[in-house]
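>>> Next one to model:
(2 chains)
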Amino acid sequence: MPTYSASEIAPLDGDRETALIAGDGGLQFISKLRFSITGIGAGLAWLAFGLSCLRWPDIGDWPRTEAVAYTAFAIAGGIAIATTAQAALGKFGDGVQRRAPWLFALGAFLTLWELATAKFGWLPLPFFPPPQSIVEVYTDDLPKLLDSAFASVKLQLGGYFIGAAVGFLTGVSIGWSRLAGYWVHPILRFIGPLPATAWLPIAFFTFPSAWSASTFLIALATGFPVTVLTWSGVASVSTAYYDVARTLGAKPSFLVTKVAIPAALPHVFVGLFMGLGASFAVLVVAEMIGVKAGLGFYLQWAQGWASYNNMYAALIVMSLLCSGAITLLFKVRDRLLVWQKGVVKW
Amino acid sequence: MVALAKPFQPAATGASLDIKSVSHAFDIDGSVLPVLDDVSISVAPGEFVALLGPSGCGKSTLLRLVAGLEPPRAGTLEEEGVAITGPYPSRVVVFQDPTLFPWRTVWDNVALGLEAQGVLKTQRHRVDAAIDLVGLGAFKKAYPHQLSGGMAQRVALARALVNDPRILVLDEPLGKLDSLTRITMQAELVSLWQRNGFTALLVTHDVEEALFLANRVIVFSDRPARITADITVDRPYPRHRGDPHLAELRRQILGLLGLDATW
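Numbers count the residues shown, from 1 in each chain, chains lettered A, B, ... in the order given. You can find the predicted model right below:
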């Protein structure tokens, strides 16, 4: 075995360390540079979008083309500033850098869209309106759109909360009580699988107002999955939990509220998510057919006038609202089910 | 052994337990499966009794009857001369699985009994004392999925002890722990029992564990369980696993269980 003196080894180690540090720094520098390149790319994409708006004349009559172009320039400038002054901007700068690839994709998509519609008409009008005509809806028809969105939210919230509450209580009762199960289960089997929209004609006829009819239908669509999943959640609670609680002196009311319900909560949330999805569908159909307000009604109305830009604008709002509702429900779930491990983050 | 941070003052000492000619059976698909056959055991206050027997012989069923989770088909069970008709927090069970409520923190799990009995508001200090007693003071806010098997079983023990049980019913509480944790917790159980003075009824498969812990070892036959031997273990605590007297008893019990060939 060869022997080395300490003086022989020491400088070697020292060298390695410096090399490592330099390597690290180099890596960091490269990764920074890569971020900056994507950031610059994103800025350029938005610049291209703005230029594409101004470079060629519109093939139709859209008053917002210039405004859109300048907004695109502003966004491009913002991205450029955030990229170069990332460190100074702190969290905001980091956020922009993280989203730089998406910002780039969005800018590129808008440029292509602009060219394909407003400039060269590769896509048939009016079915594919250019970005500026959708922006025009938001600037010129905002009050009506907001009213519609507000009406939709109101209808949806009322129906959803009623359906979720009734479904939860029904689910707990049939999961807990044999008698409740005996009477409710057949009704549930008979009515539950029926799509809530099938009730539309009857509901609009029998209820005093289109609004109450739609609330009922949304509640129905929400209630069924919530009931079934709450029920299955309560039914699947391990009897060992009840044994433990009973030996510790728990009364039946304690077993329901402090054992059955918390144990069933993960299932309940699956039901709430399913109910939310189902109720969106009912909401839109109800608004298209009977209710004279809301985004579904707006869509229907826009179709009547063949104003496709209004429809796209309404669809975007609708998507934001639905996604927002799901996000909110996820937040509530994460709050209540912190004790669960390995859950999906939305 | 667990560091005993705060003195734990038991409110009650052990109760006597009388199991009088108890028989029990299960209905399985229309046929009757007898599990307990005329079992009579009289446990003195503060005694530590271990029940040994082959797997599936009905020992755990006997514990469920003692806990009051089920009524027996025949015979009676009495705590301090009063018939057992249902679960009561003076008789608390520690199961083989910790069965902690996963949605509750360690503190809230231990508080379960006091909360169920409606006395938690005034007795919160008892929860802290019980958690300290099992040495988990630093884990009060942890959720069960963050605990190891031994820690979870300690929480289950604290959840039982916080009620100051007069009879502690232990259904193989150490059965699923690794052997090192098991040995530690056996010593902890002895010291908790000596300190609190409760009557303990332990079901186990482990002859050595029974002999290390109990005053009395009751050996059961195959299902339907019948008592085949009632052995007094007259050795002082703390006991030593190498004690030749215990080794002799072990040989004798394994013989009763039909396993003497392996000794």
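
>>> count of neighbours near residue B:166?
26 (other C-beta atoms under 10 Å in any protein chain shown). No exception for glycine: its C-beta is placed from N, CA and C like everyone else's.

>>> Go ahead and confirm it touches residue B:82.
No: using C-beta atoms under 8 Å, residue B:166 makes no contact with residue B:82, being 11.3 Å away.

>>> and the host helix or strand of residue B:33, what other elements does it pack with?
Using DSSP states H and E, residue B:33 sits within strand B:31-43. Under the contact definition 3 or more C-beta pairs under 8 Å, 6 or more residues apart in numbering or on different chains; DSSP states H and E, strand B:31-43 sits against strand B:17-28, helix B:59-67, strand B:74-79, strand B:227-232.

>>> Same list (these) but as JSON lines, adding distance to residue B:187, mean neighbour count and mean pLDDT.
Listed next are the helices and strands packed on strand B:31-43 as JSON lines, based on distance: least, C-beta to C-beta, whole Å; neighbours: other C-beta atoms under 10 Å in any protein chain shown; pLDDT from 0 to 100:
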{"stretch": "strand B:17-28", "distance to residue B:187": "24", "mean neighbour count": "17", "mean pLDDT": "87"}
{"stretch": "helix B:59-67", "distance to residue B:187": "23", "mean neighbour count": "23", "mean pLDDT": "88"}
{"stretch": "strand B:74-79", "distance to residue B:187": "28", "mean neighbour count": "17", "mean pLDDT": "88"}
{"stretch": "strand B:227-232", "distance to residue B:187": "21", "mean neighbour count": "14", "mean pLDDT": "86"}
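
>>> chain center to the strand holding residue B:33, what's the gap?
Taking C-alpha atoms, centre = their mean, to the nearest Å, one finds the center of strand B:31-43 at 19 Å from the center of the full chain.

>>> Can you check what angle separates the following helix or strand past that strand from helix B:59-67?
Per DSSP H and E, the first helix or strand lying C-terminal to strand B:31-43 is strand B:48-52. Counting by axes from the mean of the first three to the mean of the last three C-alpha atoms, to 10 degrees, strand B:48-52 lies at 140 degrees to helix B:59-67.

>>> Can you give the strand pairings for strand B:48-52, parallel or anti for each?
strand B:199-204 (parallel), strand B:216-220 (parallel) (DSSP bridges).

>>> Most tightly packed of these?
Highest mean neighbour count of the strands paired with strand B:48-52: strand B:199-204, a mean of 25 (counted as mean count of other C-beta atoms under 10 Å in any protein chain shown).

>>> who's in contact with that strand?
B:14-17, B:43-52, B:59-60, B:62-63, B:66, B:166-175, B:189, B:193, B:210, B:213-214 (C-beta atoms under 8 Å, 6 or more residues apart in numbering or on different chains).

>>> give me that answer again for 6 Å
Contact partners of strand B:199-204, identified using C-beta atoms under 6 Å, 6 or more residues apart in numbering or on different chains, comprise B:14-15, B:43, B:45-51, B:59-60, B:63, B:167-172, B:193, B:210.

>>> Stretch B:83-99 too?
By C-beta under 6 Å, 6+ apart, stretch B:83-99 touches A:240, A:244, A:246-249, B:67-69, B:76-77, B:113, B:152-153, B:156-157, B:160, B:163, B:165-167, B:169-173, B:175.

>>> Just those residues: which are in helices?
A:240, A:244, A:246-247, B:67, B:113, B:152-153, B:156-157, B:160 (DSSP state H).

>>> Format those as TSV; extra columns: distance to residue A:85.
Output for the ones in helices among the contacts of stretch B:83-99, formatted as TSV (distance: C-beta to C-beta, whole Å):
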residue	distance to residue A:85
A:240	59
A:244	59
A:246	64
A:247	64
B:67	69
B:113	60
B:152	51
B:153	56
B:156	56
B:157	59
B:160	61
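
>>> Selecting buried members of those residues in ChimeraX, what would you type?
Those of the ones in helices among the contacts of stretch B:83-99 that count as buried under 16 or more other C-beta atoms under 10 Å in any protein chain shown are selected in ChimeraX with:
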select /A:244,246,247 /B:67,113,152,153,156,157,160
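
>>> from the ones in helices among the contacts of stretch B:83-99, which is closest to residue B:198?
Nearest to residue B:198 among these: residue B:160, at 9.5 Å, using C-beta to C-beta.

>>> burial of the closest residue to that closest one other than its chain neighbours, as a residue count?
Using C-beta to C-beta, 6 or more residues apart in numbering or on different chains and skipping residues adjacent in sequence, the residue nearest residue B:160 is residue B:92, 4.1 Å away. Around residue B:92 there are 28 other residues, counting by other C-beta under 10 Å.

>>> List the neighbouring strands of the strand or helix carrying residue B:92 plus their orientation.
Using DSSP H and E, residue B:92 maps to strand B:91-94. Using DSSP bridges, the strands paired with strand B:91-94 are strand B:167-171 (parallel).

>>> The partner strand to strand B:74-79, inter-axis angle?
120 degrees.

>>> rewinding a little: so what sits opposite the residue nearest to residue B:160 in the bridge?
Going by DSSP bridges, residue B:92 forms beta bridges with residue B:168.

>>> Which positions in the stretch 201-346 of chain A make contact with chain B?
A:240, A:243-244, A:246-250, A:254, A:262, A:339, A:341 (C-beta under 6 Å from any C-beta of the partner chain).

>>> Include pLDDT and distance to residue B:29 when you put those residues into TSV, please.
Output for these, formatted as TSV (pLDDT from 0 to 100; distance: C-beta to C-beta, whole Å):
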residue	pLDDT	distance to residue B:29
A:240	91	23
A:243	91	23
A:244	91	28
A:246	91	27
A:247	90	29
A:248	90	33
A:249	88	34
A:250	89	31
A:254	92	33
A:262	93	34
A:339	84	38
A:341	70	38
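
>>> now, which of those residues sits nearest residue A:222?
Closest approach between these and residue A:222, by C-beta to C-beta: residue A:262, at 21.6 Å.

>>> To chain A, which of the helices and strands packed on strand B:31-43 lies closest?
Across the helices and strands packed on strand B:31-43, chain A has its closest neighbour in helix B:59-67 (5.2 Å, C-beta to the nearest C-beta).

>>> what comes into contact with that closest one?
A:247, B:24, B:35, B:51, B:53, B:70, B:72, B:77, B:87, B:91, B:93, B:169, B:171, B:203.

>>> State the distance from residue A:140 to chain B.
Distance from residue A:140 to chain B, counting by C-beta to the nearest C-beta, to the nearest Å: 51 Å.
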